[in-house]
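Colleague: coordinates for the following, if possible.
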Amino acid sequence: MLYKAFQDIFAKSISKFMNKRTPVVVGLGIIQQHGTYDELDEALILMEKATLQAIDDCGNPKITNFIDIIDIPKGFWAYRDPGKWIGEKHGFQHAKTSVNKIGVLQQHLINSAALRIQNGEIRGGLILGGESRAKMIAALKEKKDFKELELNTNPDMYVKAKDDLYGPQEAENLGLMAVGYYAVLESAMRAHKQHTLKEHEDYLSKMYADFSEIASKNPHAWNRNEYQPNEISEPSAKNKPIAYPYNKLHNTSWNVNQASAMIIIDEEIADKLQIPQNKRSYPLASSETNHMLALVERPNFVSSAGLELSAAYINKKISNYGKLPSIVDLYSCFPVAIQQCENVLELDPSIPKTITGGMPFAGGPLNNYMLHATVQALLLLRENPDNIALITGISGMMTKQAFGLWSGQKLDEFTHLDTTEDAKQIDLPKEISAFESGDGHVIGYTVLFDKLDAEKAVIYIEDLQGKRKVVTSNEVDILKNMREEEWVGKAIRYKDSVLVS
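Modeller: Purely as a prediction, here's the structure:
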């Protein structure tokens, strides 16, 4: 009886394995617009146009019969369910819709669709995102009312992050904008690399000058101007300092009119619809971590357990293929995000870190850049299907990370790893100090600006008990010195949460 039961279990497991389906991307859409207010579309129409491109791209309009889900990252727009409007208008109203709020990894949408196809839960899905802040800005400049189509029906599902992205002390001193948080991380990375302030400024400006050169040759890039390193490193009226060491050209550019879409389906359906092999791209592997810690709580400002575990999984997969990715795009909201991913991945140093030109130049629509980068990577894979593409994604304040590995050929079965639970066991939150006065040492800092003037220093410290605290300073001499000498590692004293020495 025991032997018979074992046989049944084994047979079921083999059957389950044999019945696994192959997810494949077969349709791609990408669009951007420049122009006046009247020439620019709102985000809904941008997403609609990208969707129609993706449908047309696959070569068979019957693909819409097999789109069972429409997943969209939330943008600046106010629509409740743009996916349902698009599906109903274009003949796939049966599709279930989701809107994924800020804090949900964009790669997670791809992972989820691929796994659901693999397990036979759905036949196919449409993943798309779009942003129209350029139209919003044009409305302000032209003194026009910005209007969007009202969509008041909720999607089938809202997906949101479980925890907040910041702690109370951080939000009070850095607000909700990401740049200050990343600038603090950048200071820790600079100290880790043992760069002087000037050396690190030069390092960042050279990296981003190279990115601008790539963007200048990318037809999908928003800003195709090529910049010299000094134009990036030196603050000016056009390149305002924001949070030291970041100037405007170090920052993602979200005032764009851009949209991208991909259609991913079961390969058996692709065969049935006679979609050509040269239109097919295969997800090979993905990994992600959703362990959320406020920056002030993180044990390490240079890396994280989730990042390292997720990267190790992808590195192992890459080693199995016997060749390194030749198409790489490291998420580039701010320079430290690139460095953190680069430090844990096994990459060919001769391969550029971006295919798009990066978010300051190619454009960084609020919550869907990784989708844009992936679509562009898959377009490149069509030209060289033997290559491997690696795309990274970030969410929040370097809070969550994800990796996606792709090929133009089916090299093996798609696999996925979520490292969240393991990361939780390793990266335990640091306790927050309740003391308003005391001693400690600096673990990261930045200087915030108002136009061209240094306004406030925000300093993350660890006190003598190993607890964390955020303190500030408005002293002119300190603000100046923090941009001339390294303060990470420096012993300091604070009173009433203000730096005193």
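Colleague: the nearest residue to Leu44 once chain neighbours are set aside and Ala95, how far apart?
Modeller: Using CB to CB, 6 or more residues apart in numbering and skipping residues adjacent in sequence, the residue nearest Leu44 is Pro82, 5.2 Å away. Quick note: C-beta positions are derived from backbone N, CA and C, even for glycine. Plainly put, Pro82 is 12 Å away from Ala95 if you go by CB to CB, to the nearest Å.
Colleague: who has more neighbours, these two?
Modeller: Pro82 (29 against 22; other CB atoms under 10 Å).
Colleague: pretty sure the more buried one contacts Leu151?
Modeller: Yes. Taking contacts as CB atoms under 8 Å, Pro82 lies within contact range of Leu151: 6.3 Å.
Colleague: okay, and the common contacts of the two?
Modeller: Residues touching both Pro82 and Leu151 (CB atoms under 8 Å, 6 or more residues apart in numbering): Leu44.
Colleague: neighbours around Tyr321, how many?
Modeller: Using other CB under 10 Å, Tyr321 is surrounded by 15 other residues.
Colleague: any figure for the gap between the closest residue to Tyr182 other than its chain neighbours and Arg21?
Modeller: Nearest residue to Tyr182, sequence neighbours excluded (CB to CB, 6+ apart): Phe334, at 3.8 Å. Distance, Phe334 to Arg21, by CB to CB: 38 Å.
Colleague: for these two, indicate the residue with more neighbours.
Modeller: Phe334 (27 against 21).
Colleague: mind pulling the model confidence for that one?
Modeller: Listed pLDDT for Phe334 reads 97.
Colleague: wouldn't it be in contact with Gly180 here?
Modeller: No. Look at Phe334 against Gly180 with CB under 8 Å: they stay out of range, at 10.3 Å.
Colleague: hey, which helix or strand in this protein has the poorest pLDDT?
Modeller: Least confident helix or strand of the chain, by mean pLDDT, DSSP states H and E, is helix 2-18 with a mean of 38.
Colleague: just after the helix ranked longest in the chain, pick out the following helix or strand.
Modeller: Longest helix in the chain, counting residues (DSSP state H): helix 197-216. Heading C-terminal from helix 197-216, the first helix or strand you meet, by DSSP states H and E, is helix 229-233.
Colleague: any buried residues in that following helix, and which?
Modeller: Applying a neighbour-count criterion of 16 or more other CB atoms under 10 Å, one finds Pro229, Glu231, Ile232, Ser233 buried in helix 229-233.
Colleague: adding pLDDT, write those residues out as a markdown table.
Modeller: Shown next, in a markdown table, are the buried residues of helix 229-233 (pLDDT from 0 to 100):
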| residue | pLDDT |
| --- | --- |
| Pro229 | 97 |
| Glu231 | 97 |
| Ile232 | 97 |
| Ser233 | 95 |
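Colleague: just put those residues in CSV and tack on distance to Pro283.
Modeller: Listed next are the buried residues of helix 229-233 as CSV, based on distance: CB to CB, whole Å:
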residue, distance to Pro283
Pro229, 36
Glu231, 38
Ile232, 34
Ser233, 38
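Colleague: among those residues, which one lies nearest to Ala43?
Modeller: Using CB to CB, Ile232 comes nearest to Ala43 of these, at 29.3 Å.
Colleague: do a quick rundown of the strands in the stretch 101-250 of the chain.
Modeller: With DSSP state E, counting those that start in this stretch as the criterion, the stretch 101-250 of the chain has strands at 124-132, 157-159, 241-243, 246-247.
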